[in-house]
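Trainee: Got a predicted model here, sequence first, then my questions.
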Amino acid sequence: MTLRLLSVASELYPLIKTGGLADVAGALPAALARQDVAVVTMVPGYPAVMDALDGAETVHRYDALMGGPAELRRGRAAGLDLLVLDAPHLFARPGNPYLGPDGRDWPDNPLRFAAFSRAAADVAAGLLDDYQPDAVQAHDWQAGLTAAYLHYDRPARRPGVVTTIHNLAFQGVFPAYLLGAIGLPAEAFALEGLEYFGQISFLKGGLIFADRITTVSPTYASEITLPDAGMGLDGLLAGRADTLSGILNGIDTEVWDPARDDLLAERYSADTLPKRAANKRALQDAFGLAASPDAFLLGSVGRLTEQKGMDVLLEVLPDLLARGGQFVLLGSGDAGLEQAFSALAAAFPGQVACRIGYDEAVSHRIQAGVDAFVVPSRFEPCGLTQMYALRYGAVPIVARVGGLADTVIDASPFALNQGVATGFQFAPISPPMLRAALKRAMALYDDKATWARLQANGMASDVSWASAAKAYAALFKRVAVRPSSA
């Protein structure tokens, strides 16, 4: 019998994206379908979502939901089955789903995502006559209250809830006085509830009341039970270790396939790897870098933050440049880091290129054109860019943390001799260790046969959703509670 899963996600590729959560929520339904799991994704009614929604019907109306009327609309977009919370007073805002025009969080974010979780809990508890899920996957803090509402509502029958952590650093922490405004009882302000250092945490509510907890890599699942990575929730997670598991993310291998990627200057595969050189030439030309086929070209795509280790990278790049290397960056984030990378590009024209912002097409071209791709994160729950790099033959250089440690096999002498190496790891996260990893990479780059083997190994890695989908399907079947009519 097909299991019905309600996936509750605040962003969803290709409709609305700020990070890896959107990629996961967008790609997992197709993989789960092959495991006999039918996914309906619940997403807020942002303008981009409403514009894409096809054949939508209103299946429920709220007279008042966190300050205004709202509707649940059912339809399809981008091949996905959707339930959309159409609440214009909360979500009819262009741009980033969490930040206002000033770059700061919308002040009413707690109400916005409480309403989102409230509606998800209602659907889970049987709000709709023709649909009740067997299991719920609530993603990150924005959906964290789904499990909390179900706990305090105490419906006679409800599906099992899996709360999935994509990044524990973002917890949805707000003033405690908002409990009443979001419709939770005073008893929720307790150690065994949402209370978090005198405030309330939406994510904590999701973790403490979920039937199972997952995060996006096995190593990160272990790391977050310890103080260094636990972000104040390590005690809770250690106490729930028997319900916590790490399931490594995959990527959409149809979207990310250099043999079929129309965004590239020239498509290629592991069997036609020499064709990849055309993409390096095109990237150098597009970014104003010197047209040097032999220069070691390093790339980075992502958020410019200390969490991502971009300050460490900034410190070691002069060493790379002194050895004749090149560097290309696509990203945005902290203003100071944006300015510092832009200044480096101005100081080293032809060797450093920096584009502030994000562009999906350019990210594909960088993965196809660079020789190596660096991810120096201080912590990284899973990371997807290193998997894109493996898929595209860009040899990854990564910090030995979280999912980076789980997906890249370091080019140690033993791994090289065994023919299994796919990239470079370094730890601890510091300039000297990253500098040493870059030095190792550049030395192997000069050995063209060994470098080609690294590329081929990476491109042969299974970075699809197949294994993760099997693990998720088994988990959902364990927690599922079927409606009495099933």
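Mentor: That came through, no problem. Residues are numbered from 1 along each chain as shown.

Trainee: How is this structure partitioned into domains?
Mentor: 3-250+466-479, 270-460 (automatic domain parsing).

Trainee: possible to save those as JSON lines with mean neighbour count and distance to residue 259?
Mentor: Glycine gets a C-beta too; all of them are placed from N, C-alpha and C. Converted to JSON lines, the domains of the chain look like this (neighbours: other Cβ atoms under 10 Å; distance: least, Cβ to Cβ, whole Å):
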{"stretch": "domain 3-250+466-479", "mean neighbour count": "20", "distance to residue 259": "18"}
{"stretch": "domain 270-460", "mean neighbour count": "20", "distance to residue 259": "8"}
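
Trainee: closest to residue 261 out of those?
Mentor: Nearest of those to residue 261, taken as Cβ to Cβ: domain 270-460 at 5.9 Å.

Trainee: Can you pull out the residues in contact with the one helix or strand residue 457 maps to?
Mentor: Element membership of residue 457, judged by DSSP states H and E, is helix 448-460. With contact meaning Cβ atoms under 8 Å, 6 or more residues apart in numbering, helix 448-460 is reached by 269-270, 273, 371, 389-396, 409, 411, 416, 419-423, 444-445.

Trainee: that older thread, out of the domains of the chain, which gets nearest to residue 263?
Mentor: domain 270-460 (4.4 Å).

Trainee: Show me what the mean pLDDT comes to for the closest one.
Mentor: Mean per-residue pLDDT for domain 270-460: 97.

Trainee: cool, stretch 196-205 as well?
Mentor: In this model, stretch 196-205 carries a mean pLDDT of 98.

Trainee: Which residue ranges of the stretch 51-200 of the chain form strands?
Mentor: Counting by DSSP state E, counting those that start in this stretch, the segments of the stretch 51-200 of the chain that form strands are 54-62, 70-77, 80-86, 135-139, 160-165, 173-174, 195-196, 199-201.

Trainee: which outside residues touch the longest one?
Mentor: By Cβ under 8 Å, 6+ apart, the residues outside strand 54-62 that reach it are 69-77, 83-84, 87, 119, 122, 127-128.

Trainee: what's the angle between that strand and strand 70-77?
Mentor: For strand 54-62 against strand 70-77, the angle by axes from the mean of the first three to the mean of the last three Cα atoms, to 10 degrees is 160 degrees.

Trainee: Any chance of the domains of the chain in TSV with distance to residue 264 as columns?
Mentor: Below are the domains of the chain laid out as TSV (distance: least, Cβ to Cβ, whole Å):
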stretch	distance to residue 264
domain 3-250+466-479	18
domain 270-460	5
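
Trainee: End to end on stretch 437-452, go ahead and measure it.
Mentor: 18 Å (Cα to Cα, to the nearest Å).

Trainee: Likewise for stretch 351-367?
Mentor: 18 Å.

Trainee: What of stretch 389-400?
Mentor: 16 Å.

Trainee: Can you get me the centre-to-centre distance for it and its chain?
Mentor: 17 Å (Cα atoms, centre = their mean, to the nearest Å).

Trainee: what are the ranges of the strands in the stretch 301-450 of the chain?
Mentor: Counting by DSSP E, counting those that start in this stretch, the strands of the stretch 301-450 of the chain are 326-333, 352-356, 372-375, 395-399, 424-426.

Trainee: hmm, back to that, need the strands of the stretch 51-200 of the chain in CSV (columns: distance to residue 40).
Mentor: CSV is the format used below for the strands of the stretch 51-200 of the chain (distance: least, Cβ to Cβ, whole Å):
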stretch, distance to residue 40
strand 54-62, 11
strand 70-77, 8
strand 80-86, 5
strand 135-139, 10
strand 160-165, 15
strand 173-174, 28
strand 195-196, 31
strand 199-201, 27
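
Trainee: Minimum distance to residue 15: which of these has it?
Mentor: Residue 15 sits nearest to strand 70-77 of all those, at 6.0 Å, using Cβ to Cβ.

Trainee: tilt between the closest one and strand 80-86?
Mentor: Angle, strand 70-77 to strand 80-86, by the same axes, to 10 degrees: 160 degrees.

Trainee: Strand 70-77 pairs with which strands, and in what direction?
Mentor: Strand pairing for strand 70-77, using DSSP bridges, gives strand 54-62 (antiparallel), strand 80-86 (antiparallel).

Trainee: Can I get it in CSV, CA atoms only?
Mentor: Coordinates of each C-alpha in strand 70-77 appear next as CSV, following Å, rounded to 0.1, in the frame of the first residue of the first chain:
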residue,chain,number,x,y,z
ALA,A,70,-6.2,32.4,4.6
GLU,A,71,-6.9,29.5,2.2
LEU,A,72,-5.4,26.1,1.6
ARG,A,73,-5.1,25.6,-2.1
ARG,A,74,-4.3,22.3,-3.8
GLY,A,75,-2.6,22.0,-7.1
ARG,A,76,0.6,21.1,-9.0
ALA,A,77,3.7,23.0,-10.0
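
Trainee: hmm, who's touching that strand?
Mentor: Contacts to strand 70-77, defined as Cβ under 8 Å, 6+ apart, come from residues 15, 45, 49, 52-62, 82-87, 89-90, 115, 119, 123, 127-128.

Trainee: so how far is stretch 93-100 from its chain's centroid?
Mentor: Stretch 93-100 sits 18 Å away from the centroid of its parent chain (Cα atoms, centre = their mean).

Trainee: Tell me which residues are up against it.
Mentor: Applying Cβ under 8 Å, 6+ apart, the contact partners of stretch 93-100 are 10-11, 16, 18, 44, 46-47, 91, 101, 105-106, 109.

Trainee: Equivalent analysis for stretch 324-333, please.
Mentor: Stretch 324-333 is contacted from outside by 283-284, 287, 289-290, 292, 295-305, 308, 310, 317, 320-321, 338, 341, 345, 351-359, 362-363, 366, 369-370, 442, using Cβ under 8 Å, 6+ apart.

Trainee: switch to 6 Å and redo it
Mentor: 287, 289, 295-305, 317, 341, 351-357, 362, 366 (Cβ atoms under 6 Å, 6 or more residues apart in numbering).

Trainee: Cool, thanks, signing off.
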